[in-house]
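>>> 3D model of this:
(one chain, ligands or ions: 2)
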Amino acid sequence: MPNRTTMQALAPETASLVQSIADQFAIEGEYLMGEEVQSGHINSTYLATYELKDGERRRYILQRINEKVFKDPLAVMRNVECVTSHINWKVLRKKRDLGGQTLSLYPHKTGRFYGYGQGGGIWRCYNYFEGCQTYDVVETTRQAYEAGHAFGAFQDLVSDLPPGEIVETIPDFHHTRKRFEGLMQAVEEDCHGRVAGVQSELDFIGSNEDVVDRLLDLVEKELLPLRITHNDTKINNVLFDQETDEAVCVIDLDTVMPGLSLYDFGDLVRTATNPAAEDERDLTKVNFRIRIFESLVEGYLASAGPVLTDEEVSQMAFSGRLISLELGMRFLTDHLNGDKYFRVTREGQNLDRARTQLSLARQIAESEEKMKAYVLQVAKAR
Ligand code: GN1
Ligand code: MG
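Ligands and ions are numbered 1, 2, ... in the order given. Below is the predicted model of the structure:
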């Protein structure tokens, strides 16, 4: 089911905080109400409704950047400003539609695009796309095509942005070897005595260690280009038009950084092909849907195909397996460390998340050859 409407009323304290933040941005009208948008494991997101003199209502997104995760939030803001301005500039010049729209930041009264909250924290204000929805689980091949096309279009749109303009705000974000080492350290420290309960997950990861360096080695040999990438291409970071199911825009630009196109495509495969929730406890529901994968490939190559190299294309099938393994390692590491990074709402949630990801990684590995043949066939038409 679409989940754009998962909103929560605000506690009085938060309500006054959100109102005071909202009123610092260039928003026309009177503040009416705020709600919490419940999505994402990292930042806090709110929706503010304003009323104009003629009674028309307009809504805005307000977000506080999580400074535990983003140690230099001003650098995050500079990256977001750079990417949104670049894309908006291009859209204005070329009037591209599908996937060509991006978020717009509203100016703060200081003239910058962010403000400080009472008691700290860096906040920004974005436009809210009315008439859109997101999906946690892809329901149709058309949605998969659209999502692939939107992230491919994003890759294409930023492909001419000078790489020096964008800062690496979370170092080694997708460095799978370092993620592996982080897990090994968490195992060694075992601060919460949880290692004994995750032996089979650790065995599985150990048996996949040989693939951890595959893309890193290709980068080292200069066979894969470093690009500006989105780095958080979860399916629910695509806004779909409620009526037509077309992808309108990709959101959540905080992790835009230098990276590999394959990390983006891989994360899309991870989140779109699996019909189960990321934290599903019943692993029989975790399932790699190859038809969805094929539509992702078609959509992604239709928009990003011309900018991708042959080596990037030939690793597309593998990328989903790698990123599922990476997220499996990240969730497991956080479980062992006591759930300090990803927000949890129940005990064992990060372990459940790790298990779904590892199950998916295993299933993708089983289909990898077939997937690769499909990618190469579609890519011929590039
Ligand atoms: C986090 O907060 P959200 O849902 O956009 C995480 C991603 C993970 C994702 C897993 C900065 O993203 O890397 O893939 O959870 N973001 C950060 O669901 O670590
Ligand atoms: Mg995110």
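>>> so what are the domain limits for this protein?
Domain segmentation of the chain under automatic domain parsing yields 2-67+104-128, 134-381.
>>> if you look at the last one, does any of it touch ligand 2?
Yes. On the criterion Cβ under 5 Å from the ion, domain 134-381 is in touch with ligand 2 at 232, 252. (Glycine included, C-beta is placed from N, CA and C.)
>>> Looking at the domains of the chain, spot the one closest to residue 88.
Proximity to residue 88 (Cβ to Cβ) singles out domain 2-67+104-128 among these, at 6.5 Å.
>>> How far does the closest one sit from its chain's centre?
Counting by Cα atoms, centre = their mean, to the nearest Å, domain 2-67+104-128 is centred 20 Å from the centre of its parent chain.
>>> That domain near ligand 1 anywhere?
Yes. Shown here: domain 2-67+104-128 in contact with ligand 1 (Cβ under 6 Å from any ligand atom) through 40, 41, 42.
>>> Am I right that the first one is in contact with residue 251?
No. Proximity of residue 40 to residue 251 does not meet the contact threshold set by Cβ atoms under 8 Å, at 9.9 Å.
>>> Tell me which of those two has more neighbours.
Applying other Cβ atoms under 10 Å to residue 40 and residue 251 shows that residue 251 carries more neighbours, namely 22 against 18.
>>> What count of nearby residues applies to the closest residue in space to that one that isn't next to it in sequence?
Sequence neighbours aside, residue 237 is the residue nearest to residue 251 in space, at 5.3 Å (criterion: Cβ to Cβ, 6 or more residues apart in numbering). By other Cβ under 10 Å, the residues close to residue 237 number 23.
>>> Distance of residue 237 relative to ligand 1?
Using Cβ to the nearest ligand atom, to the nearest Å, residue 237 is found at 7 Å from ligand 1.
>>> Check residue 207 too.
The span separating residue 207 from ligand 1 equals 23 Å under the rule Cβ to the nearest ligand atom.
>>> What are the boundaries of the strands in this protein?
Along the chain, the segments classed as strands by DSSP state E run 7-9, 30-37, 44-51, 57-64, 115-116, 122-127, 132-133, 227-229, 238-241, 247-250, 257-259.
>>> isn't residue 151 right up against residue 234?
No. With contacts counted by Cβ under 8 Å, residue 151 stays clear of residue 234, the gap being 10.2 Å.
>>> which of the domains of the chain is buried the deepest?
For the domains of the chain, the stretch with the most neighbours on average is domain 134-381, a mean of 19; neighbours defined as mean count of other Cβ atoms under 10 Å.
>>> how about the residues of this structure near ligand 1?
Proximity of the chain to ligand 1, by Cβ under 6 Å from any ligand atom, involves residues 40, 41, 42, 69, 232, 234, 252, 255, 278, 327.
>>> returning to that earlier point: got any residues that touch both of residue 151 and residue 234?
Jointly contacting residue 151 and residue 234 under the rule Cβ atoms under 8 Å, 6 or more residues apart in numbering are residue 268.
>>> do you know which of the strands of the chain lies nearest residue 107?
Go through the strands of the chain one by one with Cβ to Cβ and the one that ends up closest to residue 107 is strand 122-127, at 8.6 Å.
>>> Can you show me the helices along the chain?
With DSSP state H applied, the chain shows helices at 12-22, 73-94, 141-157, 176-189, 199-207, 214-220, 261-272, 290-304, 310-314, 316-337, 349-379, listed in chain order.
>>> Same list (these) but as JSON lines, adding mean pLDDT.
Supplementary listing: the helices of the chain in JSON lines, determined by pLDDT from 0 to 100:
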{"stretch": "helix 12-22", "mean pLDDT": "89"}
{"stretch": "helix 73-94", "mean pLDDT": "91"}
{"stretch": "helix 141-157", "mean pLDDT": "96"}
{"stretch": "helix 176-189", "mean pLDDT": "98"}
{"stretch": "helix 199-207", "mean pLDDT": "98"}
{"stretch": "helix 214-220", "mean pLDDT": "98"}
{"stretch": "helix 261-272", "mean pLDDT": "98"}
{"stretch": "helix 290-304", "mean pLDDT": "98"}
{"stretch": "helix 310-314", "mean pLDDT": "98"}
{"stretch": "helix 316-337", "mean pLDDT": "98"}
{"stretch": "helix 349-379", "mean pLDDT": "98"}
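>>> quick one, which of the ones you listed is nearest to residue 246?
Proximity to residue 246 (Cβ to Cβ) singles out helix 141-157 among those, at 5.9 Å.
>>> C-alpha coordinates for the closest one, CSV please?
As requested, C-alpha coordinates have been extracted for helix 141-157 and formatted as CSV (Å, rounded to 0.1, in the frame of the first residue of the first chain):
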residue,chain,number,x,y,z
THR,A,141,6.5,-3.9,-13.0
ARG,A,142,5.4,-0.4,-14.2
GLN,A,143,6.3,1.1,-10.8
ALA,A,144,9.7,-0.7,-11.0
TYR,A,145,10.3,0.7,-14.5
GLU,A,146,9.4,4.2,-13.3
ALA,A,147,11.6,4.1,-10.3
GLY,A,148,14.5,2.7,-12.3
HIS,A,149,13.9,5.5,-14.9
ALA,A,150,13.8,8.2,-12.2
PHE,A,151,17.1,7.2,-10.5
GLY,A,152,18.7,6.7,-13.9
ALA,A,153,17.5,10.2,-14.8
PHE,A,154,19.0,11.6,-11.6
GLN,A,155,22.3,9.9,-12.5
ASP,A,156,22.2,11.5,-15.9
LEU,A,157,21.2,14.9,-14.6
